[in-house]
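Engineer: I'll drop the sequence and a predicted model, then ask my questions.
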There are 2 protein chains.
Amino acid sequence: MIKEKWLAGIDIGGTTIKLAFLTESGELKTKWEIPTDANQGGLKVVKDIGETIREKLLDLNKEADILQAIGVGAPGFLEMETGFVYEAINLGWKDFALKDELEHELGVPTAIDNDANLAALGERWLGAGDGAKDVLFITLGTGVGGGVIANEKILHGANGMAGELGHITVIPENGKQCNCGKTGCLETVSSATGIVQLAMEMIPDYPSSTLAPLMNENKITARDVLVFAGEGDEGAKAVVAKSMFYLGFVVANLANTLNPSRIVIGGGVSKGGQTLLDPLIETYTKFVLKRVGEAADIKIAELGNDAGVVGAAWIALAAKRQA
Amino acid sequence: MIKEKWLAGIDIGGTTIKLAFLTESGELKTKWEIPTDANQGGLKVVKDIGETIREKLLDLNKEADILQAIGVGAPGFLEMETGFVYEAINLGWKDFALKDELEHELGVPTAIDNDANLAALGERWLGAGDGAKDVLFITLGTGVGGGVIANEKILHGANGMAGELGHITVIPENGKQCNCGKTGCLETVSSATGIVQLAMEMIPDYPSSTLAPLMNENKITARDVLVFAGEGDEGAKAVVAKSMFYLGFVVANLANTLNPSRIVIGGGVSKGGQTLLDPLIETYTKFVLKRVGEAADIKIAELGNDAGVVGAAWIALAAKRQA
């Protein structure tokens, strides 16, 4: 009997840590969560991860040596090669050797990367990326993030900032203020927050929209906009069209640069599905080079909240091979 | 005595073929040109290249076996892995196995890539790229081209179209017609042709500009615009500022995506030097994320017309290692 080999994928968030065991061929065996305890500058998180993994293996009647490697998604500014966290503002960490500490705790090779990159790798491995060599992944949530996969590898760039697609400028003049300090970023119009802001600006022109009464109560959500747009509400449709115009402009320009074979839209907003895709593809088709457009189709992400732990398991495989 | 090892870099253009011998450590030994004879669907070019290389080695009193590998820049749609030219419209080639034919002719490993990519690799190796791992290269000539180097490798993308930076849209609505069939591409405002078009539109607002009389005779060149802008002509400066605004917008957005450590501007227009760089850097700084901008500086290309043959010699090295 061939001995099973497992990988652990771990996604450290501000409030919860998501964990999963996968086989090396990508079968998800189990997944679970524990609360994030950000104390001790990161050391408590490392101990908690070690403890919950050992417990879970015991629960499942597995020997500790079934675990071959772990991959971890961490927030903040990271150095992927060394697994060093320069700063994770949400967690209050600074200069923390996450990879080394986890290798010490669990005794297996460990890799780290940021959450948007891992979601991109996860979708490529087991989701909408379908194993394509070149994938452009954009995540639309509270903010807008991304991951660029070229030749099966995530681009990290000179200081780990590659894929910061939310801060591509789409409105060069008189754009709205972005959290990054600039104005007119993609994030200000295509994130959940951006969609709500667009609705607040545009719905006054659509007094019969179902969104109008919600707006007067300051209660519009991105989900409302997408649901009503899907039901044919003209005002909501106009808001979605405008938001997706900017996204399509960016996606086409990045496709002309990167020539991906698959473009994947993830994050909470992507639950809008075809309601998002139709206007997005319309703008994309207008701005993309014909031969580039022929190579790449656009799909909605498939793994939802699991994308991060799946991508983390994928980089665990790479860590194992390097070890 | 260690035997010398040379590489040949070859740049096939519509009217001339540029050739050079370089050592493996990047010393340019000699360079020369022959006319392009595009007949026989590519076979004549292959024979001419073989002949001129053998003759040149004889002239230099070198044994044929000093030549380790050759790299070739070819126009048109290529498949880099196989060295197959699907179509080279300028040369009238279709479905031509350029790499195989050259390997047969010269008996050494051969690699091919497109000219903008080779210029990027050339500048990275011996020019303004300074050996940086991640380089964004943009060439401003009659058109606008580019090459994206990530982790020391050119990105080719799904069907060899990566780096088509000239067809990134910068004017989403009512932009000028581009040769590619779209409108508002970077090429329509930042190429030599684009700069002249901008001047024709803008100079009527600057009747005292030195460009005004030239415009009336339909004799403005991009070089005039750059020279007069460098001399302080307000109209010419406004034209350059507008052209470089669009380029800075694109460069910053690509930097936010790719996080390069070096951005290189090449091509004939780049001879404008500081006159281009000043307004370019101003816009770039406005639109780039702070941490991304800290990683990347912008430089003018250094190798001029040699960038192609130098980059070709660089991919020859890779071909030799693979053989």
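Structural biologist: Perfect, thanks for sending it. Numbers count the residues shown, from 1 in each chain, chains lettered A, B, ... in the order given.

Engineer: Which single residue in the stretch 51-200 of chain A comes nearest to chain B?
Structural biologist: At 2.3 Å from chain B, residue A:157 is the closest residue in the stretch 51-200 of chain A, using CB to the nearest CB. Where C-beta positions appear, they are placed from N, C-alpha and C, glycine not excepted.

Engineer: Confirm for me that residue A:196 is in contact with residue A:220.
Structural biologist: Yes: in this structure, residue A:196 is within contact of residue A:220 by CB atoms under 8 Å, at 5.4 Å.

Engineer: Looking at those two, which is more packed in?
Structural biologist: residue A:220 (24 against 20; other CB atoms under 10 Å in any protein chain shown).

Engineer: Surely that one is in a strand?
Structural biologist: No: the assignment for residue A:220 (DSSP: H, G, I helix; E, B strand; the rest coil) gives coil, which keeps it out of a strand.

Engineer: And it, what's its pLDDT?
Structural biologist: We have a pLDDT of 95 for residue A:220.

Engineer: what's near enough to touch it?
Structural biologist: By CB atoms under 8 Å, 6 or more residues apart in numbering or on different chains, residue A:220 lies in contact with A:196, A:199, A:200, A:203, A:211, A:214.

Engineer: go with 6 Å
Structural biologist: Taking CB atoms under 6 Å, 6 or more residues apart in numbering or on different chains, we find residue A:220 in contact with A:196, A:199, A:211, A:214.

Engineer: thought the residue of the stretch 51-200 of chain A closest to chain B was touching residue B:261?
Structural biologist: No: between residue A:157 and residue B:261 there is no contact under CB atoms under 6 Å: 7.9 Å.

Engineer: so what sits against both of these two?
Structural biologist: In contact with both residue A:157 and residue B:261: residue B:134, using CB under 6 Å, 6+ apart.

Engineer: Which one of these two is surrounded by more residues?
Structural biologist: residue A:157 (25 against 18).

Engineer: Shouldn't that one be within a strand?
Structural biologist: No: judged by three-state DSSP, residue A:157 forms no part of a strand; its state is coil.

Engineer: Would you tell me which residues of chain A are close to chain B?
Structural biologist: Within chain A, the positions lying close to chain B (CB under 6 Å from any CB of the partner chain) are A:134, A:150, A:155, A:157-159, A:161-162, A:164, A:167-169, A:172, A:249, A:253, A:256, A:258-259, A:261, A:287, A:289, A:291-292, A:295.

Engineer: So which of the residues you listed belong to helices?
Structural biologist: Counting by DSSP state H, the residues of chain A next to chain B place A:249, A:253, A:256, A:258, A:287, A:291, A:292, A:295 in helices.

Engineer: Where is pLDDT lowest across the residues you listed?
Structural biologist: Of all those, residue A:291 has the smallest pLDDT value, namely 92.

Engineer: Contacts only, for that one.
Structural biologist: Contacts of residue A:291 (CB under 6 Å, 6+ apart): residue B:161.

Engineer: Let's see that with 7 Å instead.
Structural biologist: B:159, B:161 (CB atoms under 7 Å, 6 or more residues apart in numbering or on different chains).

Engineer: what separates it from residue B:132, distance-wise?
Structural biologist: 29 Å (CB to CB, to the nearest Å).

Engineer: coming back round to it: out of the contacts of residue A:220, the closest to residue B:124 would be?
Structural biologist: Checking these against residue B:124 with CB to CB, the nearest one is residue A:196 at 44.0 Å.

Engineer: Surely that closest one is in contact with residue A:219?
Structural biologist: No: contact criterion CB atoms under 7 Å: residue A:196 and residue A:219 do not qualify, at 9.9 Å.

Engineer: mind checking which helix or strand the residue nearest the centre of chain A is in?
Structural biologist: Computing the C-alpha centroid of chain A and ranking residues by CA atoms, centre = their mean puts residue A:116 first, at 3.4 Å. Using DSSP states H and E, residue A:116 sits within helix A:115-126.

Engineer: burial measure for residue A:203, as a count.
Structural biologist: As a burial measure, residue A:203 scores 24 neighbours (other CB under 10 Å).

Engineer: For it, give its distance to residue B:84.
Structural biologist: According to CB to CB, residue A:203 and residue B:84 sit 54 Å apart.
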